[in-house]
Every structure is written in C-alpha cells, then in structure tokens.
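Asker: Okay, predicted coordinates and the sequence, questions at the end:
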Amino acid sequence: MKLDQKTVLITGGTSGIGLELATQLLKRGNTVIVTGRDPVKLDAVRQALPAIHVFESDVSNPAAIASLYDHVLAQFPRLDMLINNAGIMRNLNLNHDRDLSDVTREIEINLSGPVRMVQQFLPHLKTRKDALIVNVSSGLAFIPFPISPVYCATKAAIHSFTQSLRVQLAGTGVTVVELAPPAVETPLLRGEFTQEMQGQKGMDVRELARHAITGIEANKLEIRPGLSNVLKLMSRVAPQFMLNQLVKMMKPGT
C-alpha cells in the first residue's frame, strides 16, 4: 500500500509520534488532519505546518467523537486512513490512594478512545477503496512495565482488539495495522519517567515514523521497531526474565 494521495486522520497529533507521522505523511503528498485537546498546541501545529488541518477533540468523550466525525466527513469525504495515536502514560503507584475516576484515565483515552473511533468511522471507511486503520499500541503490550500498570494494560488490550478487528474486517477492503513503538524520545518519555530513563535513550521519533511508513508500505500488519520486537519475542520465550529486567528500572511512583 502506497502512502501518498491519501486523506489521513491522526488522533493526538500535536506532539510526539502523532505529530511526526503527520509531518512525514504531509511531505508525501497526503491530506493530513490531526486532533488534540489543547487549542494552544493545535494553533502551534497550524502555524508550523500550515497545510495540516486541525480539530480540537477529546477521544475520551463519546460526544466529541461523534461531533468530530460529522465535521471531518463534511470537509473531507475522501477520508480513507485513521491513525489511533492519542494516548497518555503515567507513573502510577497503586499502593497510594487515588480518585476512582482518575485511576482509569488511561483506559478512557488509550482503549475506549480507539474502540469508539473505530466504531464511529468504520461505516465510512468500508466505503473507501484501500482504507486503513492503524492502532498505536506499545512494546509494553507484550511485557508490562509495572510502574505504569494501567497504561500497559490498555496497550495489551489494544493489541488484542486489533487482532480481533483484523479478523472481523477480512474481506471488507479495510486493512488493520498495529504499530507497537518502543520507548521513543518524546515529551511523554522525559516527563514522568525521567528517573527511570537516566542513561537510556529512546528511539528517535523521526526514525519511528519512518519505520511505521515503511512497514505499512511493505504490507506488514504488526510493526514492532527496535526493542518492541525483542519484547514480543521474549514474551514467548522468557517472559518472567524480561519482566524482572523491567522491574529493575522502576523508581518510586506518585
């Protein structure tokens, strides 16, 4: 599948992996639409990349997804590619008291968001030739990093959901791809995980985006760059050993 002359919607496209995918896809002659929750960041993207189209939207809000669908399809009826990238990752120590609505934030954004986005946009995508859904999971879908228990659980669920979705959409003309990044040099990595990542470097975000685009064009259904491929392998041959290695990286959470 060639990634040019497509109309692409990327959730969480104002920074990190989403923004880099948007940037590289735009350079290849695609129409690119990004969403985000922060109007200031959306404005910054619009100024830096005037050809990109931006929509303020929150994937954890079902009403916002329905509204996004109406507005995007009204302006971009040729939409044929959805990248479910929006997500958050937190350093959570579950021994500490936490508000019950707060502790599930990652579930609402990382899991419920993509599931709802797919459900909302799928009828339209099924009408398009060579349509594509890309769900962004993580190498931590295969072996969890226990300091981020809810995040890792959501990414394992996205891995499972993507496999099932691919089976159900067989024969519809909609291709379903999973992108499982390793640790990537983004604001997320250097936010709550500064202590854990001391002395370690994540994959350059530009390299990750190139891996994603090259993998999709090579018709790979599961793209696991760098350490993510190691984690997938170790989840089969030595899961406890690999889990213990991740445990050694842990620092006290908040």
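Answerer: Great, that's in hand.
Asker: Give me the distance between the residue of the chain positioned farthest from its centre and Ser148.
Answerer: Note on the chain: the largest C-alpha distance from the chain mean falls to Asp97, namely 28.5 Å (Cα atoms, centre = their mean). For Asp97, the distance to Ser148 equals 18 Å [Cβ to Cβ, to the nearest Å]. (Glycine included, C-beta is placed from N, CA and C.)
Asker: ok, Met117 - contacts?
Answerer: Shown in contact with Met117 (Cβ atoms under 8 Å, 6 or more residues apart in numbering): Thr11, Val59, Ile65, Leu82, Asn84.
Asker: quick one: the helices in the stretch 1-150 of the chain?
Answerer: 16-27, 39-48, 62-75, 105-106, 113-125, 149-168 (DSSP state H, counting those that start in this stretch).
Asker: Could you check the angle the fifth one makes with helix 62-75?
Answerer: With axes from the mean of the first three to the mean of the last three Cα atoms, to 10 degrees as the criterion, the two stretches helix 113-125 and helix 62-75 enclose an angle of 30 degrees.
Asker: quick revisit: mind checking how far the residue farthest from the centre of the chain is from Val103?
Answerer: 10 Å.
Asker: Out of the helices of the stretch 1-150 of the chain, which gets nearest to Val247?
Answerer: helix 149-168 (12.2 Å; Cβ to Cβ).
Asker: So what touches that closest one?
Answerer: Contacts of helix 149-168 (Cβ under 8 Å, 6+ apart): 87-90, 92, 94, 103-107, 110-111, 114-115, 118, 133, 135-138, 140-142, 144-146, 176-178, 180, 221.
Asker: residues of it that come out buried?
Answerer: 149-159, 161-162, 165-166 (16 or more other Cβ atoms under 10 Å).
Asker: try stretch 206-226
Answerer: Leu208, Ala209, His211, Ala212, Ile213, Gly215, Ile216, Glu222, Ile223, Arg224, Pro225, Gly226.
Asker: How about the secondary structure of the first one?
Answerer: Classification of Leu208 using DSSP: H, G, I helix; E, B strand; the rest coil returns helix.
Asker: Verify the contact between it and Thr186 for me.
Answerer: No - in this structure, Leu208 is not within contact of Thr186 by Cβ atoms under 8 Å, at 9.1 Å.
Asker: Report the set of residues contacting both of those two.
Answerer: Ile17.
Asker: With neighbour count as added columns, please give the contacts of Met117 in a markdown table.
Answerer: Formatted as a markdown table, these follow (neighbours: other Cβ atoms under 10 Å):
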| residue | neighbour count |
| --- | --- |
| Thr11 | 26 |
| Val59 | 26 |
| Ile65 | 21 |
| Leu82 | 26 |
| Asn84 | 28 |
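Asker: Out of the residues you listed, list just those in strands.
Answerer: When the contacts of Met117 are checked against strands (DSSP state E), the matches are Leu82, Asn84.
Asker: In CSV: the contacts of Met117, plus pLDDT.
Answerer: Shown next, in CSV, are the contacts of Met117 (pLDDT from 0 to 100):
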residue, pLDDT
Thr11, 98
Val59, 98
Ile65, 98
Leu82, 98
Asn84, 98
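Asker: ok, of the contacts of Met117, which one's closest to Ala170?
Answerer: Using Cβ to Cβ, those come closest to Ala170 at Leu82, 17.7 Å.
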